[in-house]
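J.: sequence first, then the predicted structure:
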Amino acid sequence: MSLPNLTSGRGRRIGRRFLVGVAALAIVIPTAGSAVAAPTTTTSATNPDFGPNVKIFDPSMSTASIQAQTDAIFAQQDFNEFGTERYSLLFKPGVYGTADQPLNVKVGYYTEVAGLGQDPDDVTINGTVTAAGHNGSGALTTFWRSVSNLKIHFISSSNDPCHTSNEMWAVSQAAPMRRVHVEGYTTFMPYCENPNYASGGFVADSNLEGGALNGSQQQFYVRNSNIGVEWTNSVWNQVFSGDTGAGVPADDYRPGGPYYTTLPTTPVSKEKPYLYIDDAGRYNVFVPSLQRNSVGTTWATGHTPGTSLPISSFFIAKPSDSVQVINDALTRGENLLLTPGVYDVAQTIKVKRANTVVLGLGYATLTAENGVTALQTADVPGIVIAGVTVDAGPVNSDVLVRIGSKNGNNGVPHQTADNPTALMDVFFRIGGPHVGKATTSLEVNQDNTLMDHVWAWRADHGVAGSVGWTINTADHGLIVNGDDVTATGLFVEHFQKEDVIWNGENGVNIFFQNETPYDPPTQAAWDQPGPFVGYPAFQVADDVQTFHAYGMGSYVVQNQTDATAYATAAYQAPVRAGVQFTHIDTVWIVGNGGYLHVINDTGGPATSATGVVPVEVVQYP
């Protein structure tokens, strides 16, 4: 296997995105959740109506038929970056493809590929599931697609000898790999494309049996997975927690690289819920249990611990359903399954019941209308929100998603340490498909909330007229007010003030990826009150006593402005022993401005004078 330029990861962002019914009883497997209220709707347990954009494949179907269907969807979605089409491609338990006729599923925008078994090995694809890039931008805009809950027995194909010469999942943001078993070698680098840039990725609860080529990936986070054989190249910020296998890099972060941050365990984790079919042919949603100090996959030695909820306990929503209909179902005590499509949200979706599951299929997207908050949770434990994308609308929303209220329970925090509210694969966009405005994308007020793979994005490119300093306006991507909040895999980019403000005590953030706004027109337009210039990417409030962050990178990309706009530091925080930063960096990539320091008055600068070279702080203070 000959691969070009595997280690020259510096400068990867130059020319980046701007290029642009019978109700089955719940089967309980140890959990902290409570029983689900009896639903009032009837849903077929064996043949639920998921709508036209959920495609369900059966192993009795011919490989040629499945290949033709998936190819047709890919042809539509390959360049459909800001379209409204959404798809979920689901595979019933069984084996697909053969050595002579492998199945090669290509995955385009807004496409979810998932197995319907209880465990990943219940569905085997002999062939590949491929995400790749395009010539001119590599994988820098390979967003909004996913693969989960299946085994890929790698078999190459002569139909596309480059992309299918390895299991290729060459992606950037909002493109998770979860609960996947790869028998063979995996590449996260788009080495078929020119240039072969890539800018981030997220893998969880997976077994990369043959090892992985990370190659040109600027940053990457692997959580609770097995990495066999090897993991190649570090570039700028590679973070691992709770991983096993010979390929897991040792913790090694130093000037000049490598830039590996390796934690032996993940302090708090909860895997994403998933749809599956039981032995009786009934559909269920499985909700994995909370784990603490976890190591390895949840399914290595048996079924993932958790709770199985019958599909009859879910209201299966379609984009044509009004928010009132959805809220009525939630009030009746039903969970919510959002089928693929774009939902116009003209009033807030209110999740009030403890242990409610809100699960999106195929990148189901909520668009905030008339300045509303798209989704709000009550101050109750155990809510799960997963697989949902939220777009701002043209009228400014104060907050797009609010978790709990700032003074919930009359000022007494709801203690949910053993049953926290959790968000998995929740993504936000300000601009891109249309004009969008929102002061804050995500506000977390509830203690013990867990965020596992969140990307908040103020668009740096999009359809004509949707992007500009005064067009897609947004101050913050995330504000954390709750205590004991944990984030694993946090991506927040291009906001006009602090991208992240962390006000809560005892917070933990493992992995952070950020870019500056591309387009501040002047220094004054990007200045904050007080002694500092510009805005930090990540700010811990002055009165916070305890906080710890691991593996953080913020990059200077200001290619849509002629201004020289500096920020004092990428990270600002109180200087005290309880507030710790481990392995943080900044890198100037393009633009006239930059960072004067890495954190507070330490480290730096990262400007055009220093060039495309990481400026790191190994430990602070």
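T.: Alright, I've got the coordinates. Residues are numbered from 1 along each chain as shown.
J.: run a quick neighbour tally on residue 564.
T.: Residue 564 has 15 neighbouring residues, counting by other CB atoms under 10 Å. (Glycine included, C-beta is placed from N, CA and C.)
J.: can you list contacts of the longest helix seen in the chain?
T.: Counting residues, the longest helix found in the chain (DSSP state H) is helix 63-77. Helix 63-77 is contacted from outside by 55, 57, 83, 85, 87, 89, 96-98, 101-111, using CB atoms under 8 Å, 6 or more residues apart in numbering.
J.: out of those, which are buried?
T.: 55, 57, 85, 87, 89, 96-97, 102-111 (16 or more other CB atoms under 10 Å).
J.: and the closest residue to residue 607 other than its chain neighbours, bridged to which residues?
T.: What sits nearest to residue 607 in space, not counting adjacent residues and going by CB to CB, 6 or more residues apart in numbering, is residue 594, at 3.4 Å. For residue 594, the beta-bridge partners are residue 566 (DSSP bridges).
J.: got the contact list for residue 594?
T.: 556, 566-567, 588, 605-608, 610.
J.: now residue 402
T.: 373, 375-377, 443, 445.
J.: surely residue 557 touches residue 519?
T.: No. Contact criterion CB atoms under 8 Å: residue 557 and residue 519 do not qualify, at 10.1 Å.
J.: shared neighbours, these two?
T.: Common neighbours of residue 557 and residue 519 (CB under 8 Å, 6+ apart) are residue 460.
J.: of the two, which one has the most company?
T.: residue 519 (25 against 22).
J.: can I assume the more buried one sits in a helix?
T.: No. Applying DSSP: H, G, I helix; E, B strand; the rest coil, one finds residue 519 to be coil, outside a helix.
J.: grab the nearest non-local neighbour of it.
T.: residue 560 (4.1 Å).
J.: which of the helices or strands spans the one you found?
T.: Assigned by DSSP states H and E, residue 560 belongs to no helix or strand.
J.: for it, phi and psi?
T.: phi -110, psi 30 (degrees, to the nearest 10).
J.: tell me the buried residues in stretch 118-135?
T.: So stretch 118-135, judged by 16+ other CB under 10 Å, has buried residues 118-134.
J.: wait, I meant stretch 180-196
T.: Per 16+ other CB under 10 Å, stretch 180-196 contains these buried residues: 180-193, 195-196.
J.: how far off centre is that stretch?
T.: Its chain's average C-alpha position is 19 Å from that of stretch 180-196, according to CA atoms, centre = their mean, to the nearest Å.
J.: let's test this: mean pLDDT of it, rounded?
T.: The average pLDDT for stretch 180-196 rounds to 94.
J.: same check, this time on stretch 481-500
T.: 98.
J.: wait, what's in contact with residue 566?
T.: The neighbours of residue 566, taking CB under 8 Å, 6+ apart as the test, are 523, 533-534, 593-596, 607.
J.: if we can go back for a sec, so which of the buried ones among the contacts of helix 63-77 belong to strands?
T.: 55, 57, 87, 89, 96, 103-106, 111 (DSSP state E).
J.: for the contacts of residue 566, which one is nearest residue 203?
T.: For the contacts of residue 566, the residue nearest residue 203 by CB to CB is residue 595; the value is 28.9 Å.
J.: just the pLDDT for that closest one.
T.: For residue 595, pLDDT reads 97.
J.: so how many other residues sit close to it?
T.: Counted with other CB under 10 Å, residue 595 comes out at 29.
J.: right, and it touches residue 608 too?
T.: No. Counting by CB under 8 Å, residue 595 does not reach residue 608; the two are 11.6 Å apart.
J.: residues that sit against both of the two, list them.
T.: Residues touching both residue 595 and residue 608 (CB under 8 Å, 6+ apart) are residue 588.
J.: next, give phi and psi for the residue nearest the centre of the chain.
T.: Nearest to the mean C-alpha position of the chain, by CA atoms, centre = their mean, lies residue 453 at 3.6 Å. Here is the backbone geometry of residue 453 (degrees, to the nearest 10): phi 70, psi 90.
J.: how close does it get to residue 143?
T.: Using CB to CB, to the nearest Å, one obtains 13 Å as the distance from residue 453 to residue 143.
J.: likewise for residue 308?
T.: 31 Å.
J.: quick one, helices of the stretch 201-350 of the chain?
T.: 323-331 (DSSP state H, counting those that start in this stretch).
J.: for residue 147, pull up the helix or strand it's in.
T.: strand 145-154.
J.: what are the pairing partners of that strand, and which direction each?
T.: Per DSSP bridges, strand 145-154 is paired in its sheet with strand 111-115 (parallel), strand 123-130 (parallel), strand 177-183 (parallel).
J.: can you list the buried residues in that strand?
T.: Result for strand 145-154 [16+ other CB under 10 Å]: buried residues 145-154.
J.: quick one: average confidence on it?
T.: On average, strand 145-154 scores 98.
J.: contacting residues around the nearest residue to residue 591 once chain neighbours are set aside?
T.: Closest residue to residue 591 apart from its sequence neighbours, by CB to CB, 6+ apart: residue 558 at 2.8 Å. Listed by CB under 8 Å, 6+ apart, the contact set of residue 558 reads 516-520, 565, 590-593.
J.: give me that answer again for 10 Å
T.: 515-520, 526, 564-566, 588-594, 608 (CB atoms under 10 Å, 6 or more residues apart in numbering).
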